[in-house]
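Colleague: Starting from these lines, generate the structure:
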Amino acid sequence: MFKKEIYQRRRSNLAKKFRDGVLLFMGNQDSPMNYDANIYRFRQDSTFLYYWGLDIPGLAALIDIDEGKEILIGHDLTIDEIVWMGPNPTISNWAARTGVKNSKPVEDLQPILEKALNSKRKIHFLPQYRVDNQILLTDILKIKRGEINQHQSPDFIRAVVDQRSVKGSEEIIEIESALETTYQMHTQAMRLCTPGRFEREIAGIMEGIALARGVPVSYPIIFTINGQTLHNTYQGNKMETGDIVINDSGAESDLHYASDITRTLPVSGKFTPKQRDIYTVVLNANMNVIGGIKAGVPYLDLHMLAAKTITEGLSGLGIMNGNIDEAVSAGAHALFFPHGLGHMMGLDVHDMEGLGEDSVGYDKTVKRSDQFGLQYLRLARKLETGFVLTVEPGIYFIPELIDRWQSEKRHNVFINYDKVNEYRDFGGIRIEDDVLVEKAGCKVLGKPIPKTIVEVETMCEQ
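Modeller: As a prediction, the model looks like this:
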């Protein structure tokens, strides 16, 4: 945990945005893998962590705006539980650690909320992604099954997004800590990525590095020679000479702040000429965007900068044709760059996505496009000082998508399909960094992980 004063200040600032009602925070429960006693590694809800800092299952919390009262709700261990799990602080002890004076047993949650409802008071709650919490709130709040998230509080969502979007100095330290682990994961993968090995061997070693440092990976590792599949978590392929591997992986810090880095590696230690050409285009897009990041710039504009850089680079290779601006405006580049440039990052690797992607990445001034590729952009709004985000342009040759577009003669004026088909077995290349937005520029967070062709090849040969 941070110092309790940090959590007290966060809760106080949040409460000031509401005139009345009750703010309800649901923590997570242990989740069984295949029977009750065999559980997944526990992960606390990120918003609960942000405001309360307590990383144990079975908690809920309230901020009663009308009464000016904070209440932590939880369960004191029985002697039988202590026998199996060891001693644990009481709920009142946990409350004191996070600067809360009032604590209640779990059994009191329902009567507290029912009393508020009977008094016609508003219960503000956030979208619920865990089924157990959905069922619990459905029963307590007398909401029809399956409709709980139709009653979420837009005001609560906006208030939380406003606070969590801007990272404090203590949060940047945590993200840098996560990136130190990620540096070790990525550089070791570069050293070990050789022909004849299975993808799972390297992925397992990387996850082991994180676990040995006492932290989990921040999302399932993507380590694949089939990088044309954007979220490919299959790791059963044997790597061969001439293959390239997308390594998209990150770790959490001790306090669960995330990192998210992607590098593309040549299995044989050296990129082929064709791979070098495509890699250079992606690297240029990555660097051009980083050079343009500063407070006040819409991330949508930077996505379009990446798209234009990619289109210009592919035109230079004869893969695309015609006017660059017209091709990008038409969306022709999305055959090769079908995803968004990046997303917010913090306690969640896709920060606050559970609160609604549009609530985090869009606002009243910018609405989501329905154009293929651009519609997947998670972050489009103006950047603010203190935002942490990813920059992850890529180029992919997806045979199924190529075949569909070619059969439809889509964007024939901008795409040289004869040349494209020379790359249909290429795979994909993505390069991703984590960046802190500053007033007049930005800072790439973490110890630099090899990124240029020379740096990557040098590390792969060690």
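Colleague: Now do the strands in the stretch 101-250 of the chain.
Modeller: 102-105, 123-125, 222-224, 244-249 (DSSP state E, counting those that start in this stretch).
Colleague: Which one, of those, ends up nearest to I6?
Modeller: strand 102-105 (19.5 Å; Cβ to Cβ). All C-beta spots, glycine's among them, are computed from the backbone N, C-alpha and C.
Colleague: Can you point out the buried residues in that closest one?
Modeller: Neighbour-count burial for strand 102-105 flags 103-104 (criterion: 16 or more other Cβ atoms under 10 Å).
Colleague: Just the pLDDT at G242, thanks.
Modeller: What the model reports for G242 is a pLDDT of 96.
Colleague: now L24
Modeller: On the pLDDT scale, L24 gets 98.
Colleague: what's near enough to touch it?
Modeller: The neighbours of L24, taking Cβ atoms under 8 Å, 6 or more residues apart in numbering as the test, are 60-62, 113, 123-125.
Colleague: which of those has the most neighbours?
Modeller: Counting neighbours by other Cβ atoms under 10 Å, A61 leads these with 25 neighbours.
Colleague: roughly how far apart are it and A96?
Modeller: In this view, A61 and A96 are 14 Å apart by Cβ to Cβ, to the nearest Å.
Colleague: Ok, N13 next?
Modeller: Here N13 is placed at a distance of 21 Å from A96 (Cβ to Cβ).
Colleague: what's the answer for E70, then?
Modeller: Distance of E70 to A96, computed by Cβ to Cβ: 12 Å.
Colleague: For I63, give me phi and psi.
Modeller: The phi/psi pair for I63 (degrees, to the nearest 10) reads phi -120, psi 110.
Colleague: What's the end-to-end length of stretch 17-34?
Modeller: Using Cα to Cα, to the nearest Å, the gap from the first to the last residue of stretch 17-34 comes to 42 Å.
Colleague: Can you point out the buried residues in it?
Modeller: Along stretch 17-34, the positions that meet the burial threshold by neighbour count (16+ other Cβ under 10 Å) are 18, 21-28.
Colleague: Looks to me like M459 is in a helix.
Modeller: Yes - the assignment for M459 (DSSP: H, G, I helix; E, B strand; the rest coil) places it in a helix.
Colleague: Can you check the pLDDT for it?
Modeller: At M459, the pLDDT value in this model is 97.
Colleague: on that earlier part again, sort out for me which of the buried residues of stretch 17-34 are in strands.
Modeller: With strands defined by DSSP state E, the entries of those inside them are 22-26.
Colleague: Pull out the buried positions in stretch 220-235.
Modeller: Taking 16+ other Cβ under 10 Å as the basis for neighbour counts, the residues of stretch 220-235 that come out buried are 221-225, 227-230, 232, 235.
Colleague: my read: Y417 touches S407, true?
Modeller: No - in this structure, Y417 sits apart from S407 without contact. The criterion is Cβ atoms under 8 Å, and the distance is 9.9 Å.
Colleague: When those two are compared, which one has more neighbours?
Modeller: Y417 (17 against 9).
Colleague: What distance do you get for that one to M239?
Modeller: 29 Å.
Colleague: still on that earlier bit, E70 and A96: which is more packed in?
Modeller: E70 (24 against 15).
Colleague: SS state for that one?
Modeller: Following three-state DSSP, E70 is assigned to strand.
Colleague: one step back: out of the buried residues of stretch 17-34, which comes closest to G168?
Modeller: Checking the buried residues of stretch 17-34 against G168 by Cβ to Cβ gives F25 as the nearest, at 19.3 Å.
Colleague: Could you double-check that the closest one sits in contact with L54?
Modeller: No - using Cβ under 8 Å, F25 makes no contact with L54, being 10.3 Å away.
Colleague: Name the residues contacting each of those two.
Modeller: Counting by Cβ under 8 Å, 6+ apart, the contacts common to F25 and L54 are F48.
Colleague: Roughly how far does the nearest residue to L62 once chain neighbours are set aside sit from G53?
Modeller: Closest residue to L62 apart from its sequence neighbours, by Cβ to Cβ, 6 or more residues apart in numbering: I71 at 4.5 Å. As defined by Cβ to Cβ, I71 lies at a distance of 16 Å from G53.
Colleague: Repeat that for S92.
Modeller: Counting by Cβ to Cβ, the gap from S92 to G53 is 16 Å.
Colleague: how about JSON lines for the buried residues of stretch 220-235, with pLDDT and distance to L117 added?
Modeller: Formatted as JSON lines, the entries for the buried residues of stretch 220-235 read as follows, by pLDDT from 0 to 100; distance: Cβ to Cβ, whole Å:
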{"residue": "I221", "pLDDT": "98", "distance to L117": "44"}
{"residue": "I222", "pLDDT": "98", "distance to L117": "45"}
{"residue": "F223", "pLDDT": "98", "distance to L117": "49"}
{"residue": "T224", "pLDDT": "98", "distance to L117": "50"}
{"residue": "I225", "pLDDT": "98", "distance to L117": "55"}
{"residue": "G227", "pLDDT": "97", "distance to L117": "51"}
{"residue": "Q228", "pLDDT": "97", "distance to L117": "52"}
{"residue": "T229", "pLDDT": "96", "distance to L117": "47"}
{"residue": "L230", "pLDDT": "95", "distance to L117": "44"}
{"residue": "N232", "pLDDT": "95", "distance to L117": "46"}
{"residue": "Q235", "pLDDT": "97", "distance to L117": "49"}
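Colleague: Now for those residues: which two are most distant?
Modeller: Taking Cβ to Cβ as the measure, these reach their widest spread between I221 and Q228, a distance of 17.5 Å.
Colleague: So which other helices or strands are in contact with the helix or strand of the chain with the lowest mean pLDDT?
Modeller: Lowest on mean pLDDT, DSSP states H and E among the helices and strands of the chain sits helix 79-85, with a mean of 91. With contacts defined as 3 or more Cβ pairs under 8 Å, 6 or more residues apart in numbering; DSSP states H and E, helix 79-85 has no packing partner among the helices and strands.
Colleague: Listing request: residues of the stretch 351-462 of the chain with sub-threshold pLDDT.
Modeller: Across the stretch 351-462 of the chain, not a single residue meets the criterion (pLDDT under 70).
Colleague: Pull up the gap between M239 and D108, please.
Modeller: Distance, M239 to D108, using Cβ to Cβ: 56 Å.
Colleague: one step back: what sits in contact with each of A61 and A96?
Modeller: With the criterion set as Cβ under 8 Å, 6+ apart, the contacts of A61 and A96 do not overlap.
Colleague: Surely A210 touches M185?
Modeller: Yes - in this structure, A210 is within contact of M185 by Cβ under 8 Å, at 6.5 Å.
Colleague: Look at the two and report which has more neighbours.
Modeller: With neighbours defined as other Cβ under 10 Å, A210 and M185 compare such that M185 has more, 27 against 22.
Colleague: Give me the neighbour count for the residue nearest to that one when sequence neighbours are not counted.
Modeller: If the residues on either side of it in the chain are set aside, M185 comes closest to M206, at 4.2 Å by Cβ to Cβ, 6+ apart. M206 is surrounded by 25 other residues when neighbours are defined as other Cβ under 10 Å.
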